[in-house]
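# what follows is a predicted protein model with its sequence.
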Amino acid sequence: MKKAFLIAALAALSGLTQAETASYAVDPTHTFVTYEIQHFGTSTNRGRFDKKEGSVQLDRAAKTGKVEISFELAGINTGVVPMDKHLLSDDFFAADKFPTAKFVGDKFVFNGDKVAEVAGQLTLRGKTNPVTLKTSHFNCYQNPMLKREVCGGDFEATIDRTQWGVDYGLAWGFPKNVRLLIQVEAVRQ
């Protein structure tokens, strides 16, 4: 009898440590993809992509995951309509040929139970290159209104835009490095 109880207890405990992947849908009202680039070494130009969607698979016990977030380039918003139109042209995003950009990350690094970085691939203008997003904040909580778990954080990377064929203005002194900021919250499904 003791042996059967011990086996049952061990089986129950082993079930508690098994990895469980949870699925989350990106909440577009709490998710923003933003970029920053210096303008002639004086001020910082900023833009935001207003149309985005994505999903997250996260297994905190196994410390693994996968994130996919795509954003429509036509959803660019700098606050200056002529600049938005120029960014959609072949000088920058070539949005008529490549209407979306996408980040797929599948290499998660944890610091304790918090996501510290996500490495993956960014596809823009038909070219795919590696990008690692560093985490400045990460948390999961029980949303009191949705009655579901929400996980998210602030992530950033500095990318070399020329890797995606965006070299407009380099000869005039525009930098090639662009700071990419992703604020994301995703709701457990």
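Nice, thanks for sending it over.
# all strands for the chain, in order.
For the chain, strands defined by DSSP state E occupy the ranges 22-26, 32-39, 43-49, 52-59, 64-72, 76-77, 100-111, 114-124, 127-143, 148-160, 177-188.
# give the other helices and strands that the fifth one contacts.
Spelled out, it's strand 64-72. Here strand 64-72 touches strand 52-59, strand 100-111, strand 114-124, strand 177-188, going by 3 or more C-beta pairs under 8 Å, 6 or more residues apart in numbering; DSSP states H and E. From N, CA and C alone the C-beta is placed, and that goes for glycine too.
# residue 169 is nearest to which of the strands of the chain?
Nearest of the strands of the chain to residue 169, taken as C-beta to C-beta: strand 32-39 at 9.3 Å.
# compute the inter-axis angle for the closest one and strand 43-49.
Strand 32-39 runs at 160 degrees relative to strand 43-49, counting by axes from the mean of the first three to the mean of the last three C-alpha atoms, to 10 degrees.
# can the helices and strands packed on strand 64-72 go into JSON lines with extra columns for mean pLDDT?
Formatted as JSON lines, the helices and strands packed on strand 64-72 follow (pLDDT from 0 to 100):
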{"stretch": "strand 52-59", "mean pLDDT": "96"}
{"stretch": "strand 100-111", "mean pLDDT": "97"}
{"stretch": "strand 114-124", "mean pLDDT": "97"}
{"stretch": "strand 177-188", "mean pLDDT": "97"}
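# much appreciated, bye for now.
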